[in-house]
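**Q** Requesting a structural model of the entry that follows:
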Amino acid sequence: MVTTDVDGQIWTLTQEVVSELGYELVDIELTGNRSQQLIRVYIEKPGGILLADCVAVSRELGKRLDEKDVIENSYRLEISSPGIERPLRKIQDYERYVGYRVRIRLKGGLKGKRKIAGKLDEVEVEENTVRIISKNGEKISFSLADIAKANLDVDWDMEFQDLGQKT
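**A** Presented below is the predicted three-dimensional model:
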């Protein structure tokens, strides 16, 4: 979310650099204080992100941030993949992960719940809505505007259920 003019400049410059280098910008987190700002950038590409990809984006973005003197004081720049429980921000993210487990926190409640987990079942681009199937099989639809936060959801118990068992 862009909150200041500096934040907007950082977002714009980051989007330019990431796109020019052939990656997709997933998200940016801007935290810290006036004396030390942290800029955390999440990038993605088909096939995944390697350390060399993060280094390339870091070098180019750092160079441009310094050239344009966007940030007055010192800053720390971190570049990484969005991780296994990546955030879902854009409608395209939801489309890409239909069939995957998701964890969603709503801005308001829906049927008395603010947090919902289940399988992402359907995305309606024109209506800007998504539908998930909850663990109990209930189909729940809501607008993207109602979502405060959404992430892929790994069921670690299921992923590691065979650990310790000999095959």
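**Q** Only C-alpha atoms from now on, for both contacts and neighbour counts.
**A** Will do.
**Q** Then Lys107 would be within a strand, right?
**A** Yes - according to DSSP: H, G, I helix; E, B strand; the rest coil, the state of Lys107 is that of a strand.
**Q** So it sits against Leu144, correct?
**A** No - contact criterion CA atoms under 8 Å: Lys107 and Leu144 do not qualify, at 10.2 Å.
**Q** who's more crowded, these two?
**A** Leu144 (20 against 13; other CA atoms under 10 Å).
**Q** show me what contacts that one?
**A** By CA atoms under 8 Å, 6 or more residues apart in numbering, the residues touching Leu144 are Ile91, Asn128, Thr129, Val130.
**Q** Quickly note the distance from the spatially closest residue to Ile147 that is not a sequence neighbour to Asn128.
**A** Nearest residue to Ile147, sequence neighbours excluded (CA to CA, 6 or more residues apart in numbering): Leu106, at 4.5 Å. Look at Leu106 and Asn128: by CA to CA, to the nearest Å, they are 15 Å apart.
**Q** Repeat that for Tyr94.
**A** For Tyr94, the distance to Asn128 - CA to CA - is 10 Å.
**Q** Which of those two has more residues huddled nearby?
**A** Shown here are Tyr94 and Asn128; by other CA under 10 Å, Tyr94 has more neighbours (26 against 12).
**Q** For stretch 6-13, buried residues please.
**A** Counting neighbours by 16 or more other CA atoms under 10 Å, one finds that the buried residues in stretch 6-13 are Asp7, Gln9, Ile10, Trp11, Leu13.
**Q** again, but for stretch 107-118
**A** Buried residues in stretch 107-118, counted by 16+ other CA under 10 Å: Lys115, Ile116, Ala117, Gly118.
**Q** quick one: average confidence on it?
**A** Mean pLDDT, computed over stretch 107-118, is 84.
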